[in-house]
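Colleague: show me how the following folds:
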Amino acid sequence: MDKEQKAIERLREASFHSERLYQVPLLVTTSGGKNSDLCLELAQRAGIPFEAVHNHTTADAPETVYHIRETFRRLEEKGISCTVNMPTYKGSRVTMWSLIPQKLIPATRLVRYCCSVLKEYGGANRFITTGVRWAESTARRNGRALFEKPHKNKEKRILLNDNDDRRVLEHCGMKSRWICNPIIDWTDEDVWAYIEAEHICTNPLYGYGFVRVGCIGCPLTTMKKRYVEFARYPQYQTAYVHAFDRMLAMRRVRGLPTDWQCGEDVFHWWLEDGVLPGQISFDD
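Modeller: Below you'll find the model as predicted:
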């Protein structure tokens, strides 16, 4: 079985469990990147009922926002339900720029509070799909699977791959989120070859040399890419600096120590280093 057919069969299996466990269609998530576009195309080819959802991070590039709008317009013309979720924090609407002062520290590659609040929320009590692939990182290779039942405690997470016993999924009666990653074993070459062969519309940023798309200034990407992003989108740099200024003001109000004098100081430290002394990740 080729990878396309295997991914389609995985989506059909996920759709079956979605209807059985939750009595609602499969929820296909999209970030505006190539993996998401591929999953949306495969879901349509699978002939399954599904809904599409995008979590608006507020820090995505304008091209990504426009691409999502156009993608959802085309899907809605086919009768597919599409939703854009707006992030909230402590019961109120939030953006990247209002979240930073509330958190009192910059988001870093070790403490990625922005991901959980702005990007990875939603999908509770649903069976969802993502475009996660093992080829993208060592962490994903070692910690992600075809079917997943996430949990904050790593020991309680359930990871199932092609040859694993599915009974734990089939007999699961709990109303908890399950994740299907239908292209988990696709390489970058597989993804691009399929996109080009099937003429799938993708984010225009790839045409400008971007290898991956996401939040502008994401601390998980390389320093070089962050410099390129802020050169292309200087208004985002300004927004971060202002957010860091407000963050420092909040720290002073609370009597918290800081070695930074202004938002510009924080921004340049964050761009060059971005790890606080003694800082550990949420996963440690």
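
Colleague: low-scoring stretches of the stretch 151-284 of the chain, by residue?
Modeller: Low-confidence segments of the stretch 151-284 of the chain, defined by pLDDT under 70: 151-175, 273-284.

Colleague: that one: helices as residue ranges?
Modeller: With helices called from DSSP state H, counting those that start in this stretch, the stretch 151-284 of the chain shows them at 167-170, 188-198, 223-232, 234-253, 263-272.

Colleague: out of the ones you listed, which is closest to T95?
Modeller: Ranking the helices of the stretch 151-284 of the chain by proximity to T95 (CB to CB) places helix 234-253 first, at 8.8 Å. Every residue, glycine included, has its C-beta placed from N, CA and C.

Colleague: now do the closest one: everything it contacts.
Modeller: When contacts are defined by CB atoms under 8 Å, 6 or more residues apart in numbering, helix 234-253 is touched by residues 59, 96-98, 100-106, 216-217, 229-230, 257-258, 260, 262-264, 266-267, 270.

Colleague: repeat that for 7 Å
Modeller: By CB atoms under 7 Å, 6 or more residues apart in numbering, the residues outside helix 234-253 that reach it are 97, 100-101, 104, 106, 216-217, 230, 258, 260, 262-264, 266-267.

Colleague: and the angle from that helix to helix 223-232?
Modeller: 110 degrees (axes from the mean of the first three to the mean of the last three CA atoms, to 10 degrees).

Colleague: centre of the chain to helix 234-253, how far?
Modeller: The chain centroid and the centroid of helix 234-253 are separated by 24 Å, computed with CA atoms, centre = their mean, to the nearest Å.

Colleague: the residue lying closest to A124 once chain neighbours are set aside: what's it in contact with?
Modeller: Excluding its sequence neighbours, the residue lying closest to A124 (CB to CB, 6 or more residues apart in numbering) is R177, at 5.8 Å. Taking CB under 7 Å, 6+ apart, we find R177 in contact with 123-126, 128, 150.

Colleague: likewise for L271?
Modeller: 223, 226.

Colleague: now do the residue most central in space within the chain, the pLDDT please.
Modeller: By CA atoms, centre = their mean, the chain has its centre lying nearest to K119, at 5.2 Å. With respect to pLDDT, K119 scores 90.

Colleague: quick one, what contacts it?
Modeller: Contacts of K119 by CB under 7 Å, 6+ apart are 55, 57.

Colleague: coming back round to it: closest one to K224 out of the contacts of helix 234-253, please.
Modeller: F230 (11.3 Å).

Colleague: please name the nearest non-neighbouring residue to the closest one.
Modeller: In space, and not counting its chain neighbours, F230 is closest to Q237: 4.5 Å by CB to CB, 6+ apart.

Colleague: any idea how far A243 is from the one you found?
Modeller: Noted for Q237: a distance of 11 Å to A243, by CB to CB, to the nearest Å.

Colleague: on the three-state scheme, L75 is what?
Modeller: Assigned with DSSP: H, G, I helix; E, B strand; the rest coil, L75 falls in the helix class.

Colleague: that one and A52 touch, don't they?
Modeller: Yes: using CB atoms under 7 Å, L75 makes contact with A52 at a distance of 5.7 Å.

Colleague: neighbour count: these two, which is higher?
Modeller: A52 (24 against 20; other CB atoms under 10 Å).

Colleague: any idea of the pLDDT on the more buried one?
Modeller: 98.

Colleague: ok but it is inside a helix, no?
Modeller: No: counting by three-state DSSP, A52 is not part of a helix but strand.

Colleague: one step back: what touches both of L75 and A52?
Modeller: Common neighbours of L75 and A52 (CB under 7 Å, 6+ apart) are C82.

Colleague: give me the neighbour count for E63.
Modeller: 19.

Colleague: can you tell me the SS state at it?
Modeller: E63 - assigned by three-state DSSP - is helix.

Colleague: quick check: the gap between it and G207.
Modeller: Taking CB to CB, one finds E63 at 9 Å from G207.

Colleague: same question, S92
Modeller: 37 Å.

Colleague: swap in T83?
Modeller: Applying CB to CB, the value for T83 to G207 is 27 Å.

Colleague: ok, the two, which is more surrounded?
Modeller: Ranked by neighbour count (other CB under 10 Å), T83 and G207 place T83 first, with 12 against 9.
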